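Asker: coords please:
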Amino acid sequence: MTDPAATDLRIAFVASDRPEAQAARTRLSSLYGSVLPEEAEVIVALGGDGFMLETLHTVMERSIPVFGMNRGSVGFLMNDYAEDDLLDRLTGAGRAVIHPLQMDAWTEAGAVHSGLAINEVSLLRQTRQSAKLKISVDGRVRLEELSCDGCLLATAAGSTAYNLSAHGPIIPLESRVLALTPISAFRPRRWRGALLPHEAKVCFEVLEADKRPVSATADSFEVRRVARVEVRERRDIALTMLFDAGRSFEERVLAEQFAS
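Answerer: Coordinates of the predicted model:
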């Protein structure tokens, strides 16, 4: 095991509420020391994918790299948990840089709410009736009316999350595209979505909003009864995830495409 005193690397250990994550935080802090997140050079997040996203949101303005270790369930965005040689793992880790999506949502009442999404911006029907959406890309209407349960725009990093569950494509991180994916489309029935350039600006207009209310969500930030939602990538914000050597994010995405 690497001597923790052999480096001056300032590490902040943060953990989800799960007992195993909290226990790991206590153990690792005792082994390697821990500073406050605002004083850290790297943050080690202990939990599952949801906690990894939560941690990335907290460093959105500070560009601090985050190394996740799985103390949750799925852990697609996490490295394997181990207490030994953490300093070597951190200094030798590969980097995956991602850019969030900006969501601007106007409600039926005229209020505007903004949020950032690392995975996706999704629109979902609020009642038993299907949603009806008009979709424009870069100011040009591409679908006059999509009757559906909802629709989402996913980043490459988020393409293996809700997007994949909605039968959207898995996107390599370096592809510089976004996935526009319908959720249970009824009309047009054969439309399966689209791949868009990463700089595309997408606008969703809710048709019959008073009769068919729709909510919009940027990761976990939700706005209800929206009338219009605009989404674009924020290239000025860069988030860095760290992965063990030989276990890069790109390799995980590639492997997921061959998973049974």
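Asker: what is the mean pLDDT for stretch 28-36?
Answerer: Average pLDDT, stretch 28-36: 96.
Asker: distance check, E233 against Y32.
Answerer: Separation of E233 from Y32 (C-beta to C-beta, to the nearest Å): 35 Å. Heads up, the C-betas are built off the backbone N, CA and C, glycines and all.
Asker: return the residues in contact with D104.
Answerer: Residues near D104 by C-beta atoms under 8 Å, 6 or more residues apart in numbering: 112-114, 229-231.
Asker: so what are the sheet partners of the one helix or strand it maps to and their directions?
Answerer: Here D104 sits within strand 101-107, counting by DSSP states H and E. Using DSSP bridges, strand 101-107 pairs in its sheet with strand 112-117 (antiparallel), strand 226-233 (antiparallel).
Asker: run the chain-centre distance for that strand.
Answerer: Relative to the chain's own centre, strand 101-107 is displaced by 16 Å; criterion: C-alpha atoms, centre = their mean, to the nearest Å.
Asker: mind listing the helices for the stretch 101-250 of the chain?
Answerer: 162-165, 249-256 (DSSP state H, counting those that start in this stretch).
Asker: highest mean neighbour count out of those?
Answerer: helix 162-165 (a mean of 19; mean count of other C-beta atoms under 10 Å).
Asker: so what's the model's average confidence on that helix?
Answerer: Rounded mean pLDDT across helix 162-165 is 94.
Asker: which regions of this structure sit below the pLDDT cut-off?
Answerer: Applying pLDDT under 70 to the chain flags the ranges 1-7, 260.
Asker: and if we set it to 50?
Answerer: 1-6 (pLDDT under 50).
Asker: so in it, which helix runs the longest?
Answerer: helix 19-32 (DSSP state H).
Asker: what does that one rub up against?
Answerer: Contacts for helix 19-32 (C-beta under 8 Å, 6+ apart): 4, 11, 13-16, 34, 44, 46-47, 51, 69, 71-72, 81, 83, 86-87.
Asker: what residues are up against V97?
Answerer: 238-240.
Asker: can you select the buried ones from these in ChimeraX?
Answerer: Those of these that count as buried under 16 or more other C-beta atoms under 10 Å are selected in ChimeraX with:
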select :239,240
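Asker: any idea which of the contacts of V97 is closest to D210?
Answerer: Nearest to D210 among the contacts of V97 is L239, at 37.6 Å by C-beta to C-beta.
Asker: in the stretch 51-200 of the chain, which spans are strands?
Answerer: Assigned by DSSP state E, counting those that start in this stretch, the strands in the stretch 51-200 of the chain fall at 66-70, 94-98, 101-107, 112-117, 120-125, 131-137, 140-148, 150-154, 177-183, 194-197.
Asker: winner for burial among those?
Answerer: Most buried among these, counting by mean count of other C-beta under 10 Å: strand 150-154, with a mean of 27.
Asker: what subset of the contacts of helix 19-32 is buried?
Answerer: The buried subset of those (16+ other C-beta under 10 Å) comprises 11, 13-16, 34, 44, 46-47, 51, 69, 71-72, 81, 86-87.
Asker: L207: which of these is nearest?
Answerer: F51 (36.9 Å).
Asker: residues contacting that closest one?
Answerer: Here F51 is in contact with 15-16, 21, 45, 68, 72 (C-beta under 8 Å, 6+ apart).
Asker: at 6 Å instead, please
Answerer: S16 (C-beta atoms under 6 Å, 6 or more residues apart in numbering).
Asker: so how far is L164 from it?
Answerer: Distance from F51 to L164, by C-beta to C-beta: 20 Å.
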